[in-house]
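Colleague: I need the structure of the sequence given here:
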Amino acid sequence: MTLDLTPEQIEALFSRPGGGYAFARWGRPIAPIVFGVEEETLKTVKGALEAVVTLAGHQMAETDPELGANLMFFFFREWDELLEVPDLGRLIPDLDPLVARLKAADASQYRAFRFDDQGAIQAGFVFLRMQGELARMPAETLALTQAVQVMLMWGEGAFADRSPLAVLPETGATILRPEIAGVIAAAYDRMMPVAADDASHALRLFARLQAPPPDTPVQ
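Modeller: Numbers count the residues shown, from 1 in each chain. Down below sits the predicted model:
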């Protein structure tokens, strides 16, 4: 069975706004921490992340030996709240001007990554301003969407026109779209590089998508 993505569509998932191709995956187990949510939402976020990590054949950990937590989720109401988080400016360079830009753009979310010497993702930071549409989204949908978007360094426009999730008409359950699940699984194939800047990488992902999709939908 061939998943419904062409090499060009896969390439577009990792294309930069100014042109060029840039791909990276995690090179170490993911040790997440979540700030600003109730215990129930915390479990939902970690559960969604664990489901996508399992799909990828990657690993999670309680702690990262270097960083403690290497994937941080921040939930808040207004961007200015980030300026009050102790030591966040040490983790996110130029935090003040970044917050000013995000406020001016009325942005609802922002992601930042750090990379190791091999180009693999070493740490990730997810900022979610819980206002408007984001605040109305069911917790499970929000958590799964964010888990998908931190598993790889996607291009900025990867999900601009179409969500990585789909709703099963039979049950109404929200699941990860099979073709996106396929891309994630292929990207974590042990024969694939942890990072790539050549579009031929998209052809290698496409070749791996010729295999059947994962049997169990991630939801």
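Colleague: Would you mind writing the CA trace of the top helix by length along the chain as PDB?
Modeller: For the chain, the longest helix by residue count, based on DSSP state H, is helix 39-56. The C-alpha coordinates for helix 39-56 follow below in PDB (Å, rounded to 0.1, in the frame of the first residue of the first chain):
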ATOM      1  CA  GLU A  39      -2.400  17.400  36.500                       C
ATOM      2  CA  GLU A  40      -5.000  15.900  34.200                       C
ATOM      3  CA  THR A  41      -3.700  18.000  31.200                       C
ATOM      4  CA  LEU A  42      -0.100  17.100  32.100                       C
ATOM      5  CA  LYS A  43      -1.100  13.400  31.800                       C
ATOM      6  CA  THR A  44      -2.800  14.100  28.400                       C
ATOM      7  CA  VAL A  45       0.300  15.900  27.000                       C
ATOM      8  CA  LYS A  46       2.700  13.200  28.200                       C
ATOM      9  CA  GLY A  47       0.400  10.400  26.900                       C
ATOM     10  CA  ALA A  48       0.200  12.000  23.500                       C
ATOM     11  CA  LEU A  49       3.900  12.400  23.300                       C
ATOM     12  CA  GLU A  50       4.500   8.800  24.400                       C
ATOM     13  CA  ALA A  51       2.100   7.600  21.700                       C
ATOM     14  CA  VAL A  52       4.000   9.500  18.900                       C
ATOM     15  CA  VAL A  53       7.400   8.500  20.300                       C
ATOM     16  CA  THR A  54       6.300   4.800  20.300                       C
ATOM     17  CA  LEU A  55       5.100   5.200  16.700                       C
ATOM     18  CA  ALA A  56       8.600   6.600  15.800                       C
END
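Colleague: quick one: low-confidence ranges for this structure?
Modeller: 1-3, 211-219 (pLDDT under 70).
Colleague: residue ranges of the helices in it, please?
Modeller: Going by DSSP H, the chain shows helices at 7-13, 39-56, 88-91, 95-104, 132-136, 139-151, 178-187, 200-208.
Colleague: Could I get the contacting residues of residue 164?
Modeller: 145, 148, 149, 176, 177, 180 (Cβ atoms under 8 Å, 6 or more residues apart in numbering). Quick note: C-beta positions are derived from backbone N, CA and C, even for glycine.
Colleague: is it true that the third one touches residue 124?
Modeller: No. Under the criterion of Cβ atoms under 8 Å, residue 149 is not in contact with residue 124, lying 9.5 Å apart.
Colleague: between the two, what contacts are shared?
Modeller: Common contacts of residue 149 and residue 124 (Cβ under 8 Å, 6+ apart): residue 111.
Colleague: that older thread, which one, of the helices of the chain, ends up nearest to residue 72?
Modeller: helix 88-91 (7.8 Å; Cβ to Cβ).
Colleague: Mind giving me the packing neighbours of that closest one?
Modeller: Applying 3 or more Cβ pairs under 8 Å, 6 or more residues apart in numbering; DSSP states H and E, we find helix 88-91 packed against helix 95-104.
Colleague: Name the single longest strand found in this protein.
Modeller: Across the chain, the strand with the greatest residue count (assigned by DSSP state E) is strand 121-129.
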